[in-house]
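> Output the structure for:
(chains A, B, C and D)
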2 protein chains.
Amino acid sequence: MVRPAKPKPDAVTPRIVDAQQPTMADVASRAGVSKMTVSRALRNGGVVSRETRDRILKATEELGYVLDQSAGSLSSKRTGFVAAIVPSINNSNFSDTARGITDALEGTGLQLLLGYTDYAVEREEGLIESMLRRRPEGIILTGGSHTARTRKMLATAGIPVIETWDVPAKPIDQVVGFSNADAMAALVFKLAEKGYKRFGYVGGTTDRDDRGSQRRLGFQRALGQLGLPADRLVSFGVPPISIEQGGQAVVSMLARWPDTDVVICVSDLSAFGALMECQRRGMRVPQDIAIAGFGNYEIGAWSYPRLTTVDVECYEIGRRAATRLREAIQGTHDKSAAAIELTRIRVIERESA
Amino acid sequence: MVRPAKPKPDAVTPRIVDAQQPTMADVASRAGVSKMTVSRALRNGGVVSRETRDRILKATEELGYVLDQSAGSLSSKRTGFVAAIVPSINNSNFSDTARGITDALEGTGLQLLLGYTDYAVEREEGLIESMLRRRPEGIILTGGSHTARTRKMLATAGIPVIETWDVPAKPIDQVVGFSNADAMAALVFKLAEKGYKRFGYVGGTTDRDDRGSQRRLGFQRALGQLGLPADRLVSFGVPPISIEQGGQAVVSMLARWPDTDVVICVSDLSAFGALMECQRRGMRVPQDIAIAGFGNYEIGAWSYPRLTTVDVECYEIGRRAATRLREAIQGTHDKSAAAIELTRIRVIERESA
DNA sequence: GTTGCTTATGTTATCGGTATCACCCCCGTC
DNA sequence: GACGGGGGTGATACCGATAACATAAGCAAC
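Numbering: from 1, shown residues only, chains lettered A, B, ... in the order given. Predicted coordinates:
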C-alpha cells in the first residue's frame, strides 16, 4: 500500500489509516478561491485570469491533486468513456483494431473501455451490461450477432453503436466492416485463376465465430460458381484457431485428401502452422502443396515462404469506427453519410500459393 | 444513433430528442418502493424480501434499466476500477499478461482500465494521470522506471501498486516479476554449455525499453563471466523490435561478423525474423547459424525449426499481479508475505540453437 | 453619470446513486 | 404484557464535481 509522503508517525493500531485524498475543495481553499474557479482552471476552455490560474495550478501540484472524473461526469452527464468489445485481445488482427480505436481517440478526451469475449457470444451480453454501467458515450462491437437483451440494452442506452468487422444483415446503427464471405471468395477466385483446382479449407467449428463461418461460406460459394467441388473441409475445434491447430488440420486434410493442391486457412495463424508443419514433414510449399491464409498478419509477411493472404485493414477498421463514433458523440456526424462504411479488402499474392 | 423503441413521433425539429435513460427512481416508482430498496435489490448482499426483489427485477427488466456505477461509486467511494499499463497491446507477451489480469479479476466486480505506452516512457505519466482521474482502486505497471511526478501521484492516490515484468531497485510497493538480466544470462550459459563461442546480440536502442536493456546487460555479463567476448551487438532502432527488424539485424550481424555461431535476439519475434531471413538466404539453422529468442511466443513453438528461447510466464505475471492487487484492495492481503514475488524463468531448448 | 458589455468569480442546486440511521412489524422469550 | 431482536423498508444526508445563474469590477460609449 502506498502511503502519502508523511504518514501519521504515531499510528498505534496496525489498521491502515490512509490520509484522505485531496479534493477540489482542498485545492480551492489552498489557492484562496472557490471550487468552481478551480474546476474552470483545471479544464481547458474555462475563463480564469492568468494569476488565479497559476495560483490554482501551483496548489494542485503541491497537493498532488488529480481531477475526479467520476464525480464530474455525474454532474456533466459526460463520462468520457467509449466501450469496445473484440473477440480476443491476443489476436493481432483484433489488437490492431483496438490500437486503431485508441489512436483515433487520442486527444479527444475519450477513454477506451476494452473488453473481449474469447469468441463466446454468450459473454457479450454480460460484458456489454457491465460496460453500460459505466455509461459510455458510444460503443464499438465486433460482428452483428447479438442477443435480444443486448439489443434492448443498447437501444435503452441511446448511444451510438458501431458494428465492425462484418456487414450485419440487420445493423443496429452504423457499420464499419467488410464482407468476410466476399473477401474469402476473392481469394478463391484469384487462386483458381492461378490454376489451382482441388481446394481444401481449414477453419474452426462454425457456431462460435461469425467471421469464420462467413469465410467458409464464401469459400463454398466461390467454388460453386467456379464449378469446382468444395467438400474438402477440415474443422478444428472451437476458436481461436491458432498456429498449432493449423498444423494438425493440414495433416488431417492430406491424410483424407492427399491430392489437395491448395489449402486455405481461416486465418494466417493457422496457415502459418500448416506451412511449418508441411516443412517439418519435408513437403515443399507451394510445389507440393500451396497454402493461403487470411488477415495479413505480420507473421505471414515475413515467413519463408511468405503467405498469400487477404488484407482487411484491421487498424483502419478501428480507426474509422472510432472516428465515426467520435463524430456521432460530438454531433459533428454527417447524417447524410452512409451508415455503412465498407473497408477495403485486398488479396495479397505471395510465394505460398 | 440508437433510439428508444418508441421515439417521439411528432419531433418537428431535426434536433435529436433522446428520451431520458431510466434511473433508479424510475424503477423504484414502477415497483412501488423507495430508491433505497431498489439499490439493495440490485446489489447482492442487500436484504430485501423475496416478493419485493422479484417486483423490482421485473421493473428493471421492463425499463431496460442498467445500474449507473459512476453515480454509485461516488457515494460508496469504491469505483471498481483497476488500472494496468503495458508497453504494447500488440505484443503477445504483454497481451498475455493483460489476459492474466482480466482473468484474475473475473467475478470480483473489478473492471480493468487498460493503457499502453508504445514503449514511450514519457507517455506513462500522462496515461497514469488520466487513469487516476477514474480513481482506480489499484494499479499494475510494467517495469520500474517512473518519473518523479508519477511517483508522487501514485503516493497521493494511496492505492496499491504492483510493478511487473522486472525487479526494480526501488519498488514503489509490490512487485511481481523477474530479472531480465538473469533470464538472459541463463540462456547464454545454456548455449555456452552446448559449445557456442561466438555470440551475437540483436536488440533495440536501449533507452526506451528497460527490459530490452536489462537483457542486453545480462548477455554481456554472462559472456564476461565465461571469458567470452560480448562485442557483437546489433541495435535496430526504437522498440518494438519486431519480425522485420530481426531479419535486417541478422543480415547486418553476418555482414560484420561472418563467423558468428549463435545470434540471440531480444525477443522471439525478432528471432523469428532472423530465422526466416536466414532460410531465405539459403542458410541452415542451426547448422550454419544458430538463433535463440526470448519470451516463448507461440510463433517460436511452431516454427520450423522451433526456437530456443526463455519462457517467462507472461500470463502468470498478470494473473498473480492481479490476484495480489485484489487481495490488497480487499484487505485480505497477507502483510507478512514478501512484497516482491519472483516469477519463474525457464530456458527452453529447441532446435534453433 | 448612466448604461451596457465583457471578464472574472462566487452561490446554489443538482447529477444518481449509497451510507446511515430510524422505524415498523412480527415473533419468541421471560 | 414488556422486552429484545432481527427482517424489511424508508427518509435524509451526503459523495465531489459541474451547470446555470448571479454578481462584481472594469471599461467604453453616449
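> List the contacts of the residue in the stretch 1-150 of chain A positioned nearest to DNA strand D.
In the stretch 1-150 of chain A, the residue that lies nearest DNA strand D is A:S39 (2.6 Å; C-beta to the nearest atom of the strand). Where you see a C-beta, it was placed from the backbone N, CA and C, and this is true even at glycine. For A:S39, the contact set (C-beta atoms under 8 Å, 6 or more residues apart in numbering or on different chains) comprises A:M24, A:G46, A:G72.
> restrict the residues you listed to contacts with DNA strand D.
Residues of these in contact with DNA strand D (C-beta under 7 Å from any atom of the strand): A:M24, A:G72.
> List buried residues within the contacts of A:S39.
Buried subset of the contacts of A:S39 (neighbour count, 16 or more other C-beta atoms under 10 Å in any protein chain shown): A:M24, A:G72.
> Can you lay out the contacts of A:S39 as JSON lines showing secondary structure and pLDDT?
Listed next are these as JSON lines, based on DSSP: H, G, I helix; E, B strand; the rest coil; pLDDT from 0 to 100:
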{"residue": "A:M24", "secondary structure": "helix", "pLDDT": "95"}
{"residue": "A:G46", "secondary structure": "coil", "pLDDT": "79"}
{"residue": "A:G72", "secondary structure": "helix", "pLDDT": "94"}
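> Could you pull out the helices in chain A for me?
A:24-31, A:35-42, A:50-63, A:69-76, A:92-105, A:121-132, A:148-157, A:180-193, A:210-226, A:243-256, A:268-280, A:298-302, A:314-330 (DSSP state H).
> these two touch, right, A:G100 and A:C314?
Yes. Using C-beta atoms under 8 Å, A:G100 is in contact with A:C314, at 7.2 Å.
> give the contact list for the nearest residue to A:A169 once chain neighbours are set aside.
Of all residues not flanking A:A169 in the chain, A:G144 sits nearest, at 7.0 Å (C-beta to C-beta, 6 or more residues apart in numbering or on different chains). Going by C-beta under 8 Å, 6+ apart, A:G144 touches A:E163, A:D166, A:V167, A:P168, A:A169, A:K170, A:P171, A:I172, A:V175, A:D210.
> run the last query once more with 10 Å
Contact analysis of A:G144 by C-beta atoms under 10 Å, 6 or more residues apart in numbering or on different chains lists A:163-172, A:175, A:177, A:210.
> how close does the residue of the stretch 1-150 of chain A closest to DNA strand D get to A:L57?
Separation of A:S39 from A:L57 (C-beta to C-beta, to the nearest Å): 13 Å.
> Determine which stretch of the helices of chain A is the most buried.
Comparing the helices of chain A by mean neighbour count (mean count of other C-beta atoms under 10 Å in any protein chain shown), helix A:268-280 ranks first with a mean of 27.
> name the helices or strands packed onto it?
helix A:92-105, strand A:199-203, helix A:243-256, strand A:262-265, strand A:290-292, helix A:298-302, strand A:309-311, helix B:298-302 (3 or more C-beta pairs under 10 Å, 6 or more residues apart in numbering or on different chains; DSSP states H and E).
> Could you check those and tell me which one is nearest DNA strand D?
DNA strand D lies closest to helix A:92-105 among the helices and strands packed on helix A:268-280, at 19.3 Å (C-beta to the nearest atom of the strand).
> Leaving out chain neighbours, which residue sits closest to A:E62?
Nearest residue to A:E62 in three dimensions, chain neighbours excluded: A:R30, at 7.2 Å (C-beta to C-beta, 6+ apart).
> quick one on the thing from earlier: now the helices of chain A as CSV including distance to B:P258?
Shown next, in CSV, are these (distance: least, C-beta to C-beta, whole Å):
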stretch, distance to B:P258
helix A:24-31, 64
helix A:35-42, 61
helix A:50-63, 56
helix A:69-76, 58
helix A:92-105, 34
helix A:121-132, 53
helix A:148-157, 61
helix A:180-193, 40
helix A:210-226, 45
helix A:243-256, 33
helix A:268-280, 26
helix A:298-302, 23
helix A:314-330, 38
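> Now do the same contact list for A:I345.
Listed by C-beta under 10 Å, 6+ apart, the contact partners of A:I345 are A:178-180, A:182-184, A:186-187, A:294, A:296, A:310-313.
> again but with A:V38, I slipped
By C-beta under 10 Å, 6+ apart, A:V38 lies in contact with A:23-31, A:46, A:48, A:52-53, A:56-57, A:59-60, A:65, A:67.
> Quick one: buried ones out of the contacts of A:G144?
Buried by 16+ other C-beta under 10 Å: A:E163, A:T164, A:W165, A:D166, A:V167, A:P168, A:P171, A:I172, A:V175, A:G177, A:D210, out of these.
> Need the helices and strands packed on helix A:268-280 in a markdown table (columns: mean pLDDT).
Listed next are the helices and strands packed on helix A:268-280 as a markdown table, based on pLDDT from 0 to 100:
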| stretch | mean pLDDT |
| --- | --- |
| helix A:92-105 | 96 |
| strand A:199-203 | 95 |
| helix A:243-256 | 94 |
| strand A:262-265 | 97 |
| strand A:290-292 | 97 |
| helix A:298-302 | 96 |
| strand A:309-311 | 98 |
| helix B:298-302 | 96 |
